[in-house]
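Engineer: next one to model:
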Amino acid sequence: MLGCQPSEDRTPEQESVIVNGIRWVGNSEAANIMAKNGLNRYITYENSHAFIMSEGAVNVDSSLFASHTILAFLSTGDRKEHHKRMAERFVENENETSKLFVSLLNFDEKNDSSRAERRNIWTKMHESSNDPFIHYMYIRFMEGDHSKLVLELDKLIAFCEESQFDYVNTAANNMKGYILKRTGDLQAGTTSIKKCLELHPDGYNPLDSRAEFYLYAGDTANAIKTYHKVLEKYPYASYATDQLANLELELLQ
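Structural biologist: Take a look at the predicted model:
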């Protein structure tokens with residue numbers, strides 16, 4: 001499963017490195033912590049946790065347009081429209097990058113027909129900002145062969161390592177691992193997944209991905225052990241539960 005769970009907030013030194021980034025914080029320290037955690041969980045595909053953290057943030061500080069944007073991404077119906085309106089309301093006086101981020105809500109993120117428009121928006125954001133989250137999302141929407149994607153990921157990983165943006169570094173390494181696996185280089189892909197685990201050993205997706213890579217290598221025993229570790233830490237992880245049940249059933253047959 002793509003993505004890894006990040007682990008830390010940005011320090012003031014890290015924030016000073018970012019140019020024209022999205023503003024995630026406001027005046028409430030408690031809301032800011034939840035907003036950053038919501039971002040971290042969103043980038044790693046842990047949507048239920050991202051929703052809980054982002055909702056907690058806007059309940060404390062309703063002006064956090066970026067958290068409203070994540071909530072709109074993760075919602076449907078009236079709730080989605082509510083968070084879209086709130087994001088648009090509070091982004092009015094923000095920088096162009098933030099406005100572009102909120103403008104993504106004008107497209108259905110689950111509809112492939114709008115992918116080109118969304119790719120253009122992430123490209124514009126990446127051209128004006130070095131924010132690693134934006135760079136990561138830009139790569140997710142990139143067109144090109146696997147080698148081009150890996151080269152771009154290596155640029156992002158180098159930036160993250162230099163400035164200690166571990167939360168994006170884990171996600172970038174995990175994406176790289178899956179791309180390398182698709183090219184047929186399972187060994188190199190596994191190395192990237194191991195790096196992801198080094199950066200965040202207790203994260204859901206790093207463990208989940210390691211289990212999948214054991215399966216790719218034909219190591220069912222270690223895959224089962226790793227899925228058990230996932231469920232020890234995240235007992236409601238439905239994907240890991242299903243995978244483990246299927247693997248254990250196969251052993252009985």
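
Engineer: state the distance from the residue nearest to the spatial centre of the chain to E55.
Structural biologist: The chain has I43 as the residue nearest its centroid, 1.4 Å off, counting by C-alpha atoms, centre = their mean. Counting by C-beta to C-beta, to the nearest Å, the separation of I43 from E55 is 17 Å. Every C-beta, even on glycine, is put in place using the N, C-alpha and C of the backbone.

Engineer: how about the helices in the stretch 1-150 of the chain?
Structural biologist: Taking DSSP state H, counting those that start in this stretch as the test, the helices found in the stretch 1-150 of the chain are 12-17, 29-43, 47-60, 65-73, 77-90, 96-103, 115-128, 132-140, 146-163.

Engineer: show residues contacting the third one.
Structural biologist: Just to be clear, that refers to helix 47-60. Contacts of helix 47-60 from elsewhere in the structure, counted by C-beta atoms under 8 Å, 6 or more residues apart in numbering, are 28, 30-32, 34-35, 37-42, 64, 67-68, 70-71, 74-75, 83, 86.

Engineer: low-confidence regions, the protein specifically.
Structural biologist: Low-confidence segments of the chain (pLDDT under 70): 1-15, 253.

Engineer: neighbours of R182, how many?
Structural biologist: Other residues within reach of R182, judged by other C-beta atoms under 10 Å, total 12.

Engineer: same question, S114
Structural biologist: Close neighbours of S114, defined as other C-beta under 10 Å, add up to 14.

Engineer: if I pick it, what's in contact with it?
Structural biologist: Taking C-beta under 8 Å, 6+ apart, one finds F107, D108 in contact with S114.

Engineer: 10 Å instead?
Structural biologist: L104, N106, F107, D108 (C-beta atoms under 10 Å, 6 or more residues apart in numbering).

Engineer: against D145, how distant is the nearest residue to M137 once chain neighbours are set aside?
Structural biologist: Distances taken as C-beta to C-beta, 6 or more residues apart in numbering put W122 closest to M137, at 5.2 Å, once the chain neighbours are dropped. To D145, W122 is 19 Å away according to C-beta to C-beta.
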